[in-house]
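K.L.:
Here's a sequence, model it:
(one chain, ligands or ions: 1)
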Amino acid sequence: MTHLIDQVAQLVEAKFTGLEGSHDWFHIKRVWQTALYLQSQEGGNADEISLAALLHDYSDHKYNGGDFDAGSREVLNLLNKLNCPFEIADRVAKIVQVVSYKGALVSDEATSIEGKIVRDADRLDAIGAIGIARAFSYGGSKARPLYDPSIAPLLHDSKEEYAAAKSHTINHFYEKLLLLKDRMETATARTLAEERHAFMLQFLAQFELECGMQKQ
Ligand code: NI
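P.N.:
Prediction:
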């Protein structure tokens, strides 16, 4: 299994190196490392967690024209090609299917402990100082304004509506990033999320202060 994980890591590194900073190889690597840390505290199958963490963004709907199922389909094909036992490939593909956030009012699909760990690890990378940097990197890649006070945040109730939303980056905090703390499913991730969440609030307060719109 170590050989398979190395092979997948190499393929993913080649595919993601040089991509825009919010979803590049460094993101994948951080999620992988965080997921293994969560596994050391929470249990779960480490091989399955490594594979799912490495492959969780393999075909992301944000980059593939909006196909929510392509990721798990392509992951299953890839793992089959690499002679991964079908049972593991199937479990990993099912995790990949449920990792992404689909809107403030859309609840997360039930998943295994391995799935919860990978989803929590991906969400931890979306908050805190790294989350702030990634949000503005992604917004920049789509030429979105940093902030436009005339556009209020929206809580989306379908994955299609969420995926189609084109707002300024500050709204992304209210539509997703500030909601992630309460959607962590493992105790270890919940604890790690506290500090990162507090840092985002501090950042937003300072941002608002500098924009001259602090509430009286
Ligand atoms: Ni990700």
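K.L.:
contact partners of the lowest-mean-pLDDT helix or strand in the chain?
P.N.:
Within the chain, no helix or strand scores below helix 159-164, which has a mean of 74 by mean pLDDT, DSSP states H and E. With contacts defined as Cβ atoms under 8 Å, 6 or more residues apart in numbering, helix 159-164 is touched by 61-62, 66, 68, 101-104, 106, 156, 175. For the C-beta atoms, the positions are set from N, CA and C on the backbone; glycine is no exception.
K.L.:
make it 10 Å
P.N.:
Helix 159-164 is contacted by residues 61-62, 66, 68, 100-106, 154-156, 158, 175-176 when judged by Cβ atoms under 10 Å, 6 or more residues apart in numbering.
K.L.:
near the ion, which of these show up?
P.N.:
Here nothing survives when those are matched to the ion using Cβ under 5 Å from the ion.
K.L.:
From these, list just the buried residues.
P.N.:
61, 68, 100-104, 154, 156, 175-176 (16 or more other Cβ atoms under 10 Å).
K.L.:
Among these, which ones are in helices?
P.N.:
residue 175 (DSSP state H).
K.L.:
my guess is residue 51 meets residue 85, correct?
P.N.:
No - assessed by Cβ atoms under 10 Å, residue 51 is found out of contact with residue 85, at 11.1 Å.
K.L.:
Next up, the contacts around residue 102.
P.N.:
Per Cβ under 10 Å, 6+ apart, neighbours of residue 102: 61, 68, 108-109, 156-163.
K.L.:
Give me the most central residue, this protein.
P.N.:
In the chain, the C-alpha closest to the average C-alpha coordinate belongs to residue 122, at a distance of 3.9 Å (Cα atoms, centre = their mean).
K.L.:
Now residue 183. Its backbone dihedrals?
P.N.:
phi -110, psi 10 (degrees, to the nearest 10).
K.L.:
Next up, identify which helix or strand the nearest residue to it once chain neighbours are set aside is on.
P.N.:
Once flanking residues are discounted, residue 183 sits nearest to residue 108: 6.4 Å by Cβ to Cβ, 6 or more residues apart in numbering. Under the criterion of DSSP states H and E, residue 108 resides outside all helices and strands.
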